[in-house]
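> coordinates for the following, if possible.
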Amino acid sequence: QVQVAESGGGLVQAGGSLRLSCAASGLEGGAVGWFRQAPGKEREFVAASSSYGRTTYYADSVKGRFTVSRDNAKKTDYLQMNSLRPEDTAVYYCAARNGPGAARATTLYDYWGQGTQVTVSS
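Residues are numbered from 1 along each chain as shown. Model (predicted):
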C-alpha cells in the first residue's frame, strides 16, 4: 500500500525560503505532484514531476520561484520554495500517482498526504 507523507512546512517571512519533502513509500515508477489549499479556496496545482524527473510542470504563480526535484535513491521528492510571498500561505499537499507522467489535475492522483502548513508573514 502506498503511503504519502509531507514534511518541512513552517512559518517564514516574505522573501524567505522553505523546502518541503515528500516520501511516497510503496510507490514504484509513479509521478508526484504538489498542490496547495488556502482557507476558503479550492485546492490548486503548484508543481509536478514525472516519475524520473524528466518532465516538470509549474503553476504560473510559482514559476521561477519554486523548483521540484527527486532523489531516487531516497525515494523522496522535494519542493524548494524561494522568494515566498504572503499569498503562498496555504496547506501544501504532496500527491502521487501510479502513472509515470506528470499531471496538473487533482483527479489524476491516486494517493495524497495529510498536508503541511506553510505560512508566509509580510
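> pretty sure Trp34 sits in a strand.
Yes. Assigned with DSSP: H, G, I helix; E, B strand; the rest coil, Trp34 falls within a strand.
> count of residues packed around the spatially closest residue to it that is not a sequence neighbour?
Using C-beta to C-beta, 6 or more residues apart in numbering and skipping the chain neighbours, the partner closest in space to Trp34 is Val46 (4.3 Å). Backbone N, C-alpha and C define where each C-beta goes, glycine included. Burial of Val46 is recorded as 25 neighbouring residues (other C-beta atoms under 10 Å).
> pLDDT of the helix or strand harbouring Val46, averaged?
Assigning secondary structure by DSSP states H and E places Val46 in strand 44-49. Mean per-residue pLDDT for strand 44-49: 97.
> what sits up against the helix or strand following it?
Next along the chain after strand 44-49, taking DSSP H and E as the criterion, comes strand 56-58. Strand 56-58 is contacted from outside by Phe45, Val46, Ala47, Ala48, Ser49, Ser50, Phe66, Val68, Ala102, Ala103, Arg104, using C-beta atoms under 8 Å, 6 or more residues apart in numbering.
> list only buried entries from those.
Buried members of the contacts of strand 56-58, counted by 16 or more other C-beta atoms under 10 Å: Phe45, Val46, Ala47, Ala48, Ser49, Ser50, Phe66, Val68, Ala102, Ala103.
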